[in-house]
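S.K.: Build the 3D model from these lines:
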Amino acid sequence: MKETIKCDGCISLQSHKLLRPVYSVISLSCAEVIDMTSKREAGQTIGSHAMGRRDFLAAGLVTAVACHFPGGAVAAARRCFSTGRALSFYNAHTGENMKAVYWEEGKYVPHALADINYILRDFRTGEVKEIDIDLLDLLFALLQELESSGPLHIISGYRSPETNALLRIIGRGAVKDSLHMQGKAIDIRLPGYNLKNLQRAAVSLQRGGVGYYPFSDFVHVDVGRVRYW
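M.R.: Purely as a prediction, here's the structure:
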């Protein structure tokens, strides 16, 4: 049995009341779409004689969705048929910037994850921590929701226990068991987007905690329990 790759787009398509009938008819997994894309990029024939019925329907689904369904459904279809997930960051403290395709052809890309871990390091101590991939997927979904490619400006990524303790001492609002210390939280802003709109988009995902800090000009997102402040 072929393994079905789970993705945000598929879940959204199946749950969207307008698209559920379409999705159930074609019963198309992300793995099959990726296979179609790989064949096309390799120059293999995928014309009408080579295409099966489901492949033909899949090829036209995104176009049909774009013509007939609301923006949220279009974004869901786009996520479903994407063969890669990319994130772009700018570190507001170090001036570093990067863009990485961290998930491609159904798997996470180790060297891209390592690059992301580095740019999200504790800039005070230089300590690097593995960032939870659920957090990266949340950020990707957030950018898709806003129809943006970034870059996300990093205010705080990974935070070492020493840095967290320091911030608590100087009254910067850090909590004792901060998810920043586990690589499960990030404070961000997105240039060109109103901070309130960024916060609302994050809340709409229902993927974890969302904190709104207008005076400091950032939004906190994490992959802990769903909660807002």
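S.K.: How about D122: what's its closest non-neighbour residue?
M.R.: S160 (4.5 Å; C-beta to C-beta, 6 or more residues apart in numbering). (Each C-beta comes from the backbone N, C-alpha and C, glycine too.)
S.K.: same question but for G150, I mixed them up
M.R.: Nearest non-adjacent residue to G150, counting by C-beta to C-beta, 6+ apart: S88, 3.6 Å away.
S.K.: Burial check on the residue nearest to D122, number of neighbours?
M.R.: S160 has 18 neighbours, counted by other C-beta atoms under 10 Å.
S.K.: Would you check that it makes contact with Q182?
M.R.: No: contact status for S160 versus Q182: not in contact, 11.2 Å apart, counting by C-beta atoms under 8 Å.
S.K.: Identify the contacts common to the two.
M.R.: Both S160 and Q182 are contacted by K129, under the criterion C-beta atoms under 8 Å, 6 or more residues apart in numbering.
S.K.: quick one: the strands in the protein?
M.R.: Here the chain has its strands, by DSSP state E, at 84-91, 97-104, 107-108, 152-156, 185-189, 209-213, 218-222, 227-228.
S.K.: winner for burial among the ones you listed?
M.R.: The highest average neighbour count among the strands of the chain, using mean count of other C-beta atoms under 10 Å, belongs to strand 218-222 at a mean of 25.
S.K.: hang on, E96 packs against Y90?
M.R.: Yes: in this structure, E96 is within contact of Y90 by C-beta under 8 Å, at 7.5 Å.
S.K.: Quickly list the domain ranges of the protein.
M.R.: The chain is divided into the following domains under automatic domain parsing: 8-80, 84-228.
S.K.: Lowest average pLDDT across those domains?
M.R.: Mean pLDDT is lowest for domain 8-80 among the domains of the chain, at a mean of 46.
S.K.: Next one: the residue nearest to D122 relative to M181, how far apart?
M.R.: Using C-beta to C-beta, to the nearest Å, S160 is found at 7 Å from M181.
S.K.: ok, now N197?
M.R.: Applying C-beta to C-beta, one obtains 29 Å for the distance of N197 from M181.
S.K.: Also Q144?
M.R.: With C-beta to C-beta as the criterion, Q144 and M181 are 28 Å apart.
S.K.: about what we covered before: tell me the contacts of the residue nearest to G150?
M.R.: N97, M98, K99, S149, G150, P151, L152.
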